[in-house]
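Colleague: Pasting a predicted model and its sequence here:
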Amino acid sequence: MQILGSLNASAEPCQDIWEFGCGGWLQNNPIPDSRAYWDSKLEHHLQVKGKVRTLLNTLPRTVIDEPNSVVGKMKRFYDSCMATEYIEPEGSKPLLRIISVMGGWQVLRTFQKNEFDFPRISPAGLSLPDKKYYFDEENKVAEAFQDHLKDVAQSLGANSVNAQQFAKELINYERRIAEVTPSPESLRDPVESFQKVTVSELRGMSSTIFWNDLLKSMFPGENINDNTEILILSKQYLTDISGIISSTDSGIKNNYLMWHLTKKYLPYLSREYSEAYDIFLRQISGRRQSRPRWEFCMDETLHYFTHAADFLLKENCQDRSERVDKVNDMFESMRHSLVDRINEATTKFDESLRNRLLDKLRLMTAQVGTTFTNQTDLKNYYLGLDLHKNEWFTNVVNAIEFERTLERKTLISTERDAPIRHLLAQQPINVQFLPTSNLIVIPELILQQPVLQLGSSHLPLLLGSVGVEIGEAIAQAFGIEQGLYGPDGKLMSDKDAKVQIMRDLIDQRRTCLVSFFVNIRLDDADYIERTSLDSTMHLAGIQIALDALVNHDLGTIFLGLPALENLPPNALFFLSYVQSQCSVQTLHYHELEHYSFTTLSHDHRTKGILRQLVGFTEAMECPSSSDLYADFSCGTVI
């Protein structure tokens, strides 16, 4: 850890904790040209990607050539991506072949209406990151996107007039979809949003979607019939989207579906096409360059080979067992401290709710790192993935289909590890809570963090960084979404009084935090409101980790840091936390954050939340006249 190098010792922590904790890091870490956002976690992730790259490039030939060798497949996939001398001559031909098989594309004047198989292609949602972009005339994102659509269509063979018409019609069509698309906030509550219906009922509310064909193609071999029950997120959305489909010309629908197919595959074509979408992203984010080719190829490799990479890291981490023990010890200490906190909160929770919270907490466990313990299981997992030397586009198509097959298997699997592996594949960087298993899932990547090299004498640094991540995941277990699952992993009834009590408590804390942040002028009110749930749960996570430190008897084992001997354990905890949040972004990215993100920028969130924590004021001995003195606290949700 570069603790001393990251801080600015001349700054006053009670006045500007961000400058105190991150001043050195900000000075030494300008935004890389290939990034719009950069933080200490991404810095670490880049180092891990470099490590995996080195491990792949130094594999013995016997390992690579071994039949069904997973790391051999992984290297073959990565090498085929790096072999641009085979990719460039192909141009757009691989994509155009797929478009032709699907029945053509209206904008390219190859659309064969009678041959186009609408049921084979599922609705693809929206192209832009938030539906608000379709309605804000002052925002330039939609305008830049329309230019991008035209450029891509022309590069694939459309004439200028058809390309311009296609771009305008697609924006208008997606705007209609955006009008009926539920907000992310309305979909976060599983009790409100998850609704069980039969295929017959589904067909009745959205008759223009070929549900039987679609479901059978998604779950081949399963007995899908009119009585099959499925969960949907919004009946109204399906009714509305069905109306849009029925009232839209088939050529426009073809353009929409083929565009989303094209957008998915553009990055895997030759440079002329792969750069097209990246140029658009650079325009709206402020990035100056594309990622280096090796990093793009490694990102794609890690996406499709998450578990193989995790196993590779596991096998090449000499002190892994000690790191796992440290993480497990932190989890257990936080869990026990939270049990004590809930037991003491006799006025905050009634007996029935308190018992439910305690049951969930006592039964909660942690999965630290990969679930794969041997090569045989790993080989069986990747057995259906066929890859070929120097055939990049074909390998991507096979990997995408393999990923879909795994998702189908996960949905119907009863194996304990199936949902864990699915979550780790989706979220390989962040600590998560898996509600259906009442499980904290800690990725292998977390175990690679340098802070875990430290011993128990530096527990404040461990808890302030990795501990806060785990603490926030524990807090999420009792939040708006995941808190609705009981200790047994089953979704509770919305008629359960305990559900409403917990919702009300979270809403009270969230509303209080919004008012507080607005009053201290932390940021603009809309941004604060939109990000308030994340801020509320993040605050709870810090408190959970801090409680574990406070309840831990450090005795004589605590070691201070050179040049920071005057900082007590609690102060080092907060310094470690702040440095885990160090980040910097481009102006364009900052604008995107304010426009659609559900998380406050790290600098503002850190300042606002630490001003809520009495523990920070006490640790840093902040005078009442200082900017970060905690003179008012909204409390925590748990």
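Modeller: Happy to help now that I have it. Residues are numbered from 1 along each chain as shown.

Colleague: Need the nearest residue in space to Lys326, chain neighbours excluded.
Modeller: Closest residue to Lys326 apart from its sequence neighbours, by Cβ to Cβ, 6 or more residues apart in numbering: Leu452 at 5.8 Å. Quick note: C-beta positions are derived from backbone N, CA and C, even for glycine.

Colleague: Distance check, the one you found against Arg320.
Modeller: As judged by Cβ to Cβ, to the nearest Å, Leu452 and Arg320 stand 9 Å apart.

Colleague: Please apply the same query to Ser580.
Modeller: On the measure of Cβ to Cβ, Ser580 and Arg320 end up 21 Å apart.

Colleague: What score does Glu192 have for pLDDT?
Modeller: As predicted, Glu192 sits at a pLDDT of 63.

Colleague: Then Trp105?
Modeller: 94.

Colleague: Count the neighbours of it for me.
Modeller: 26 (other Cβ atoms under 10 Å).

Colleague: again with Phe305
Modeller: With neighbours defined by other Cβ under 10 Å, the count for Phe305 comes to 25.

Colleague: Over to Lys490?
Modeller: Neighbour count for Lys490, taken as other Cβ under 10 Å: 11.

Colleague: Please name the residues that touch it.
Modeller: By Cβ atoms under 8 Å, 6 or more residues apart in numbering, no residues touch Lys490.

Colleague: How about the backbone phi and psi for it?
Modeller: Here is the backbone geometry of Lys490 (degrees, to the nearest 10): phi -90, psi 150.

Colleague: same deal with Glu565?
Modeller: According to degrees, to the nearest 10, Glu565 has phi -60, psi -30.

Colleague: Also Ala158?
Modeller: With angles defined as degrees, to the nearest 10, Ala158 sits at phi -80, psi 150.

Colleague: That one and Ile87, how far apart?
Modeller: Distance check for Ala158 against Ile87: by Cβ to Cβ, it reads 23 Å.

Colleague: pLDDT of the helix or strand encompassing Leu445, averaged?
Modeller: In the assignment (DSSP states H and E), Leu445 maps to helix 444-447. On average, the pLDDT along helix 444-447 is 98.

Colleague: Quick check: what element follows it along the chain?
Modeller: helix 459-462.

Colleague: domain assignment for the protein?
Modeller: Per the record, the chain has its domains at 3-50+304-620, 92-268, by automatic domain parsing.

Colleague: Can you add distance to Ile284 and give those domains back as CSV?
Modeller: Shown next, in CSV, are the domains of the chain (distance: least, Cβ to Cβ, whole Å):
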stretch, distance to Ile284
domain 3-50+304-620, 6
domain 92-268, 5
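
Colleague: neighbouring contacts of stretch 218-234?
Modeller: Residues outside stretch 218-234 that contact it (Cβ under 8 Å, 6+ apart) are 122, 182, 186-187, 193-200, 202-203, 212, 215-216, 238, 404, 408, 411-412.

Colleague: Return stretch 172-188 as CSV; C-alpha atoms alone will do.
Modeller: Output in CSV follows, covering the C-alpha atoms of stretch 172-188 (Å, rounded to 0.1, in the frame of the first residue of the first chain):
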residue,chain,number,x,y,z
ASN,A,172,-37.6,8.2,-32.7
TYR,A,173,-38.5,4.5,-32.2
GLU,A,174,-36.2,4.2,-29.1
ARG,A,175,-37.8,7.4,-27.8
ARG,A,176,-41.2,5.7,-27.9
ILE,A,177,-39.7,2.7,-26.0
ALA,A,178,-38.1,5.1,-23.5
GLU,A,179,-41.5,6.7,-22.8
VAL,A,180,-42.9,3.4,-21.5
THR,A,181,-39.7,2.0,-19.9
PRO,A,182,-40.0,1.9,-16.1
SER,A,183,-37.5,3.9,-14.2
PRO,A,184,-34.6,2.0,-12.5
GLU,A,185,-35.9,3.1,-9.1
SER,A,186,-39.3,1.4,-9.7
LEU,A,187,-37.6,-1.9,-10.6
ARG,A,188,-35.4,-2.0,-7.5
